[in-house]
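Novice: What would the 3D arrangement of this be:
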Amino acid sequence: MRIHTILLILAAFALTSCSAGMPNIVITVVTQMPTIQTPTTNVNEIRMEPTQTLSPMEIPVPTPVSKVIEIKEFENGKVTLQIPKLKINSPVDAVEVTMGIMGSSEAPELGDNPVWISLLSKDTISGKITKITKDIGEEGAALIYGHRQWGITPMVFNNLDKIARGDLVIVKTENRTLTFEVFNITVVYPNQVWTTIDAQDKKAVAADSSQLAIETCTPWGTTWQRLIVFAALKEEGTK
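Specialist: Down below sits the predicted model:
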């Protein structure tokens, strides 16, 4: 707080006549300035706050979409098969076939669309069920079967014998696309189908490769033999 001490000393104050002018006034002002206390700081008493380590910003990582197509996804034509070279663009149905202990099975009823066949083996004694064929997108060979003709009417795989190595086979779902490339084409007898597919399945699993085995009857108009087209996953993506 500033303190001002003002001492007014009036001296030589005399009454004069008006004609003598204003009286002589001597004013002496003495000002006492306040003392400012400057605090002293001991350097040893300075405390440094520890540096706060900021954790890195956590960026949410989206859940990856599985390339394996589950059986429930085949409902209402949500899975499609495309072979651009043959102008095939068709929904894919799904069927389960259970083989008995002796290897016998009941053939599924097929419609106009190709079907992904989930082949299961059931032990008639223990009842244990073992999956034989693979899901589409799974490491191994997934089986897709379709007719070439019905009577004299061409069906979905009517021109499958025109396919060649390097051609693309595309499987689409609501949220992803799997692109396969044909690498082998073979013709076998009906009793050689499962051993042929199983042998390729083992090779695919060993190579961590997702593959398709596309099967139909051949020659056209007969059921004498089976045409099997093998294609390996080349590219996968999401919509």
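Novice: Residue 95 is in contact with residue 71, correct?
Specialist: No. Judged on C-beta atoms under 8 Å, residue 71 makes no contact with residue 95 at a distance of 9.5 Å. C-beta here means a position set from N, CA and C on the backbone, and glycine is covered the same way.
Novice: And the two? Which one has more around it.
Specialist: Neighbour count, other C-beta atoms under 10 Å: between residue 71 and residue 95, residue 95 has more, with 17 against 14.
Novice: who's in contact with that one?
Specialist: 108, 110, 115, 116, 117, 118 (C-beta atoms under 8 Å, 6 or more residues apart in numbering).
Novice: Any idea what the third one is bridged to?
Specialist: On the basis of DSSP bridges, residue 115 is bridged to residue 93, residue 145.
Novice: Could you give the number of residues near it?
Specialist: If we define neighbours as other C-beta under 10 Å, then residue 115 has 20 of them.
Novice: ok, now the last one?
Specialist: The number of residues packed around residue 118, counting by other C-beta under 10 Å, is 20.
Novice: Apart from its neighbours in sequence, what residue is nearest it?
Specialist: Leaving aside its chain neighbours, residue 118 sits nearest to residue 96 (4.5 Å; criterion: C-beta to C-beta, 6 or more residues apart in numbering).
Novice: Okay, now the unreliable bits of this structure?
Specialist: 1-65, 100-109, 238-239 (pLDDT under 70).
Novice: show me where it has strands.
Specialist: 3-5, 30-32, 80-83, 88-91, 93-99, 115-122, 129-131, 140-145, 149-150, 153-154, 168-172, 176-188, 210-218, 225-238 (DSSP state E).
Novice: Which one of those lies nearest to residue 67?
Specialist: strand 225-238 (5.0 Å; C-beta to C-beta).
Novice: circling back: ok, the contacts of residue 95 vs residue 187, which is closest?
Specialist: For those, the nearest to residue 187 is residue 117 (19.1 Å; C-beta to C-beta).
Novice: so who does that closest one touch?
Specialist: 95, 96, 97, 108, 133, 143, 144, 145.
Novice: And for residue 114?
Specialist: So, once contact is read as C-beta under 8 Å, 6+ apart, residue 114 ends up touching 81, 90, 92, 93, 144, 145, 146, 156, 157, 214.
Novice: Check the gap between it and residue 213 for me.
Specialist: Going from residue 114 to residue 213 by C-beta to C-beta, to the nearest Å gives 12 Å.
Novice: from the contacts of residue 114, which would you call buried?
Specialist: 81, 90, 92, 93, 144, 145, 146, 156, 157, 214 (16 or more other C-beta atoms under 10 Å).
Novice: Save those residues as TSV, and put in distance to residue 179 too.
Specialist: As requested, those are exported to TSV (distance: C-beta to C-beta, whole Å):
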residue	distance to residue 179
81	12
90	16
92	15
93	21
144	15
145	21
146	19
156	19
157	19
214	14
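Novice: quick revisit: count of neighbours near the residue nearest to residue 118?
Specialist: Quick note: residue 96 (other C-beta under 10 Å) scores 14 neighbours.
Novice: That one against residue 120, yeah?
Specialist: Yes. Between residue 96 and residue 120 there is a contact under C-beta under 8 Å: 6.2 Å.
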